[in-house]
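**Student:** Sequence below, structure please.
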Amino acid sequence: MPPIAQIPAQSTPPTAVGMTTAEREERFNDIVRTHRPGLIAFTTRLVGGDIGRAEDVVQETFVRAWRRIELLTPEHGSVSSWLRRVAYNVAVDGHRMRKVRPTEVELQHHDAPVRQDGADGTDRVLAEIVVRDMLNSIWPEHRAVLEEVYLKDRTAAEAAAALGIPVGTVKSRLFYALRTLRGNAMESGLRAS
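**Tutor:** Numbers count the residues shown, from 1 in each chain. Next up is the predicted model:
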């Protein structure tokens, strides 16, 4: 009886063998472009027409494909068959998991609490994101002066002392920072309320 072939231990992870990152990304993008439409149709049938679940299955399938991208070549077998088998397994696993979990009840739109005053917090979160992006769009020196004067509510003299710069420099930086922010706001389509 011939000896059982030994699988050599890998010294590098399989994702690093033989392909550069650019080659991996190009190969992956080709696979997604080529196989995604058919895979969506296949998984949509598998999950009973639920497009959202089908998208989730396809996304998980492509995550697994990314991890094995070096092996997804025609030389190693049909890429399409591999993707369909993985998608099938992911869909079946998802079905089994839902069977053991309590039934999920989807919240209907009319059941969702709606605040008429806009105080659900989204306005505040969006404003914080916009302000952070706007502050990141100006010079760090100007941003530091704005933070001292407007966010920490300091006078120009107090800001100058905190930053270790002359008062005139604080006023100058504040002027240019505000001018830049106004210009950026106009370009972004923001307006004062």
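
**Student:** CA atoms for contacts and neighbours, from now on please.
**Tutor:** Noted.

**Student:** hmm, who's touching the helix or strand harbouring Ala177?
**Tutor:** Ala177 is part of helix 167-188, with elements assigned from DSSP states H and E. Residues from elsewhere that reach helix 167-188 (Cα atoms under 8 Å, 6 or more residues apart in numbering): 134-135, 138-139, 141-143, 145-146, 156-157, 159-160, 191.

**Student:** In strands, which of those appear?
**Tutor:** Within the contacts of helix 167-188, no residue falls in strands by DSSP state E.

**Student:** any idea which of those is closest to Asp56?
**Tutor:** Comparing the contacts of helix 167-188 against Asp56 with Cα to Cα places Met134 closest, at 34.5 Å.

**Student:** what about the closest residue to that closest one other than its chain neighbours, how many residues close to it?
**Tutor:** Distances taken as Cα to Cα, 6 or more residues apart in numbering put Leu181 closest to Met134, at 6.6 Å, once the chain neighbours are dropped. By other Cα atoms under 10 Å, 16 other residues sit near Leu181.

**Student:** roughly how far apart are the residue nearest the centre of the chain and Ile40?
**Tutor:** With distances taken as Cα atoms, centre = their mean, Gln59 lies nearest the centre of the chain, 13.4 Å away. Distance from Gln59 to Ile40, counting by Cα to Cα, to the nearest Å: 10 Å.

**Student:** remind me which residues of the chain are low pLDDT?
**Tutor:** By pLDDT under 70, the weakly predicted segments of the chain are 1-17, 98-120, 191-193.

**Student:** Show me where it has its helices.
**Tutor:** Taking DSSP state H as the criterion, the chain carries its helices at 21-46, 51-67, 79-100, 122-136, 140-146, 156-163, 167-188.

**Student:** and the fifth one, which residues are buried?
**Tutor:** Right, helix 140-146. Buried residues in helix 140-146, counting neighbours by 16 or more other Cα atoms under 10 Å, are found at 142-146.

**Student:** now swap in the first one and tell me
**Tutor:** Within helix 21-46, the residues scored as buried using 16+ other Cα under 10 Å are 24, 27-28, 31, 35-36, 39-40, 42-44, 46.

**Student:** Which neighbouring elements make contact with that helix?
**Tutor:** Contact here means 3 or more Cα pairs under 8 Å, 6 or more residues apart in numbering; DSSP states H and E; on that basis helix 21-46 packs against helix 51-67, helix 79-100.

**Student:** winner for burial among those helices?
**Tutor:** The highest average neighbour count among the helices and strands packed on helix 21-46, using mean count of other Cα atoms under 10 Å, belongs to helix 51-67 at a mean of 18.

**Student:** For that helix, enumerate the helices and strands it packs against.
**Tutor:** Using 3+ Cα pairs under 8 Å, 6+ apart, helix 51-67 sits against helix 21-46, helix 79-100.

**Student:** Reformat those as TSV; add distance to Val125.
**Tutor:** What follows is those, written out as TSV (distance: least, Cα to Cα, whole Å):
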stretch	distance to Val125
helix 21-46	34
helix 79-100	34
